[in-house]
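Colleague: Fold the following for me, if possible:
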Amino acid sequence: MKDEELAGRLREAAGAHRPDRARMLARIERGMAGDPAAGAVRRPRAARPWLRVAGATVAVCGVLAAGALAVTSAGDDGGARAGRVAAAPASPSSTAKAPAVPGGLRPEDGPLWTGGAVDPHSNPYWAQSNVTLRTTEPLSALTVELRVAETGGVDSTGSWRSLPEPDFTVSVNESGGYLVYRWTLRPGRTVPAGTHTFAGQYNHAEGDRDATGDYVTAHAVRASGAEAAVGDRFGRSR
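Modeller: Alright, predicted model coming up:
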């Protein structure tokens, strides 16, 4: 068959063909509605490359954020622990109060004040305890007692006072675990206003002596007739 004849027949067939328009529209509508009868079943489409990259980036950021949070939390906790460890608890010796003088006496009462301290010239074998008494008014009666605790080898070697010797009677004895020095103003005598000193001297066992058990008390009668009483503890010294 010649080419010209084949071409003529194809043109005739094409011209005679009449497409089924209704059938074609029905197939298109079924395809758009997702009808399984329309053809092949649709498969899920693979994620696009840029979505996979974005997902991976989010995952990495999440891991880094979790790691940063863990490091930060560990640093805070460690710092808090370090702070607690570094904060030393208060020493009991820094907050403890000295025991009160028997009778609840305080160093000051009205015009009268007293304080006790071990003389700085004391040594590992011998000591002197100084009592300071201050009064802003004359006193018509006064008794001062210095009590030195028997901490070992305590033995009196004398005493003195800054006020006139004839104005006082003096005694030294042992009582209740103490070496007791007592100065008593004689009747008819007066202690003038001012600062006065009473001192007790004694030997003691070799070494530094703990004087925290020592204390002084003073009872007085003012020229007006009113009474006053004071007391003080000694500190640790030689």
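Colleague: how near is the residue nearest to residue 126 when sequence neighbours are not counted to residue 155?
Modeller: In space, and not counting its chain neighbours, residue 126 is closest to residue 203: 5.4 Å by Cβ to Cβ, 6 or more residues apart in numbering. C-beta: built from backbone N, CA, C; applies to glycine. Computed with Cβ to Cβ, to the nearest Å, the distance linking residue 203 and residue 155 is 5 Å.
Colleague: Per the annotation, how does this protein divide into domains?
Modeller: 3-85, 108-233 (automatic domain parsing).
Colleague: By mean pLDDT, show me the worst of those domains.
Modeller: Among the domains of the chain, domain 3-85 carries the lowest mean pLDDT, a mean of 44.
Colleague: that older thread, residue contacts, the residue nearest to residue 126?
Modeller: 125-126, 153-155, 157 (Cβ atoms under 8 Å, 6 or more residues apart in numbering).
Colleague: again with residue 204
Modeller: 125-127, 151-155.
Colleague: among the residues you listed, which ones are buried?
Modeller: 126-127, 151, 154 (16 or more other Cβ atoms under 10 Å).
Colleague: For the residues you listed, could you give me CSV that also reports secondary structure and distance to residue 186?
Modeller: Converted to CSV, those look like this (DSSP: H, G, I helix; E, B strand; the rest coil; distance: Cβ to Cβ, whole Å):
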residue, secondary structure, distance to residue 186
126, strand, 30
127, strand, 28
151, coil, 32
154, coil, 28
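Colleague: Which single one of the residues you listed is nearest to residue 220?
Modeller: Of all those, residue 127 has the smallest distance to residue 220: 26.4 Å, by Cβ to Cβ.
Colleague: Thanks a lot, see you next time.
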